[in-house]
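Could you look at this predicted model? Sequence included:
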Amino acid sequence: MTAPSSSPSVPAPIRRDRLTWAAYLALAQFTFFLNIQGNIIPFLKDEFDLSYRVVTLHPAAVAAGLIVSGLFGERLTRRYGRKLSVSIGLVGMLVGALAIIAAPHPAVSIFGCFLMGAVGCLILIIVPTLLAEWHGANRSVAIGEANGISYVASLTAAMAVGLFAAIGLGWRAALLLGVVLAGLLIVFLRGVPVPEAAKPVAPTVNGKPGGRLPVVYWFYWLTIIAFVGVEQSVLVWATEFMTRVKGLPVASSAVIAGAFSFGMLVGRLSSSLILKRMTASLALYLSAIVTLPAFFLFWGASSLPLAVFGLFALGLGCSLQYPLTLTKAIVTAGPYGELATARASLASGLSIMIIPWLVGATADQVGLSGAIALLPILTVVAVGFLFVGERVVRR
């Protein structure tokens, strides 16, 4: 099977073949399991009678898994190949989900979350690079579509938890749905030829192995930590916020929390239209301008429709922050793109592990409403790091 042309000239329309759909669906499956954590937290908290600090160890365990896989996963993918690695990733998430479903104690469900992140991250390592190589000049379209479909999966996860709980099947049925879909995707992958990665050329400086990322990269790295921290904290805590602060039933809150993911979906599917009209830097600054008032509308809304609209607008504002900042970071890295991507994954993992947990720990002291109210500070911090990075680039 021959990959489509990667000519830098005007690209032909993207060809969505079996390999492309397999990559799209694998990334969507990873996102389904990653983002369902926030929707099941209220149920785990009630069933095990957990504090906010302890229940937040579930998404923190996912993040710890991402960090471990980010450090060592690439070695495994090169040893076992892309196709087997993606299958291993799906199996790992499937087993992790089953551990959460059957957990008799929070230690088991926390371990299931770690397994999802550590093994499932193999998919995150492979899919973007595979799509970029396979689609050549259409790489940005393919990766954009993959992210859009991933947010469809995120929205499906939120809706499934709420709907299954509302009709009496329970929140575990939503995880079981993910298990079934992962199993079907493993079967689908068996008939899809997957090209292996080319052997990388070690970077050199003056003919010797070496090289380091420029200073400006690290400002974007810090920006990623702050932006991802806001996004993941909303994903983790929106359902609990609507339940404990706004007084809604847990099932209804889980469905309403999907408004954030829907906003993310709309924003990412609109990225090509947005970037035709403005630079990535301007889009990032405008995203922050949208995010701040949207957050306070969601947080302080006196009516449910306003809260839902605020949550949707918050997702819309957050949608482009990570992918555009990551792109800027990779561009500044020059020939060290793979190193830049690995360090960016580490930034995401650290952010996902630490910041939602800090929100939970703060909520134990001052209440969830007060803890959530601190998130706009992270957006301001992110804009500050972004501004400094842009100034350094111009010099």
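Received it, and whenever you're ready, just let me know what you need. Residues are numbered from 1 along each chain as shown.

quick one: the strands in the stretch 201-350 of the chain?
204-205, 208-209 (DSSP state E, counting those that start in this stretch).

Please work out the average pLDDT along the first one.
Per-residue pLDDT over strand 204-205 has a mean of 44.

Was I right to think A288 contacts P376?
No: counting by C-beta atoms under 8 Å, A288 stays clear of P376, with 9.6 Å between them. Any C-beta I mention is one placed from the backbone N, CA and C, and that applies to glycine too.

Name the residues contacting each of the two.
Both A288 and P376 lack any common contact, where contact means C-beta atoms under 8 Å, 6 or more residues apart in numbering.

What's the local residue count around R212?
11 (other C-beta atoms under 10 Å).

Would you mind measuring from it to A340?
Going from R212 to A340 by C-beta to C-beta, to the nearest Å gives 11 Å.

Below-threshold pLDDT in the stretch 151-300 of the chain: ranges please.
197-211, 272 (pLDDT under 70).

Pull out the buried residues from stretch 49-67.
Within stretch 49-67, the residues that count as buried by 16 or more other C-beta atoms under 10 Å are 50, 52-67.

ok now it, how far from the chain's centre?
Its chain's C-alpha centre and that of stretch 49-67 lie 16 Å apart, by C-alpha atoms, centre = their mean, to the nearest Å.

measure that stretch end to end?
28 Å (C-alpha to C-alpha, to the nearest Å).

any idea of the mean pLDDT in that stretch?
82.

Find the residue closest to V216 in space, skipping its chain neighbours.
V392 (4.3 Å; C-beta to C-beta, 6 or more residues apart in numbering).

how close does that neighbour get to V192?
Distance from V392 to V192, by C-beta to C-beta: 43 Å.

What of E145?
Relative to V192, and taking C-beta to C-beta, E145 is found at 17 Å.

repeat for L19
6 Å.

neighbour-wise, which of those two wins?
Between L19 and V192, counted using other C-beta under 10 Å, the more crowded position is L19 (20 against 16).

Let me know the next secondary structure element after the helix or strand harbouring the more buried one.
Assigned by DSSP states H and E, L19 falls within helix 18-48. Scanning forward in sequence from helix 18-48 by DSSP H and E, the next helix or strand is helix 52-55.

what's downstream of that following helix, the next helix or strand?
helix 57-80.
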